[in-house]
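Student: no sequence on this one, just coordinates:
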């Protein structure tokens, strides 16, 4: 049986290992709002209000938290302009643009396959209900 070596010994990362720090990156990227914020920013710079209108269903608090996480991770750049009221714009960094390609592909795949997934769920639920019927 083949065992995958621990790549950390050689300067690599292995997200399958529980203590690998790359899991923190996976935790960040698997958040639905992170995926959607990055996707919304791919075309270009947006202000907070524009982002909130684009991301139907997100609360102001969640958008603020998500943007802060993304800025902290180096995926989003925040520009603050000294005006009254203050003007703040958000854009993707080169690293954010890079991961945005992946996020966009996942979003497109989800949109293209929603019917397949829903049909599979309905079929599974129907089989599960049949199995519960007494004979």
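Tutor: Right, received. Where do you want to start? These figures come from a predicted structure and were not determined experimentally.
Student: mind checking what helix or strand follows the lowest-mean-pLDDT helix or strand in the chain in sequence?
Tutor: Sorting the helices and strands of the chain by mean pLDDT, DSSP states H and E puts helix 22-29 at the bottom, at a mean of 92. Going down the chain from helix 22-29, the next helix or strand is helix 32-41, by DSSP states H and E.
Student: what is that next one packed up against?
Tutor: When contacts are defined as 3 or more CB pairs under 8 Å, 6 or more residues apart in numbering; DSSP states H and E, helix 32-41 packs onto helix 48-54, helix 60-72, strand 76-81, strand 87-92, helix 94-131. Just so you know, the C-beta spots here come from the backbone N, C-alpha and C atoms, and that holds for glycine as well.
Student: name the helices or strands packed onto the longest one?
Tutor: Packing partners of helix 94-131 (3+ CB pairs under 8 Å, 6+ apart): helix 32-41.
Student: isn't residue 95 up against residue 74?
Tutor: Yes - between residue 95 and residue 74 there is a contact at 5.4 Å, judged by CB atoms under 8 Å.
Student: now do the same contact list for residue 23.
Tutor: residue 15 (CB atoms under 8 Å, 6 or more residues apart in numbering).
Student: confidence score at residue 12?
Tutor: pLDDT for residue 12: 75.
Student: now the most centrally placed residue in the chain, nearest residue through space, not along the chain?
Tutor: Geometric centre of the chain, nearest residue: residue 35, 2.6 Å, by CA atoms, centre = their mean. Take residue 35 and drop its neighbours on the chain: the residue closest to it by CB to CB, 6 or more residues apart in numbering is residue 103, 4.9 Å away.
Student: what is the burial count for that neighbour?
Tutor: Burial of residue 103 is recorded as 19 neighbouring residues (other CB atoms under 10 Å).
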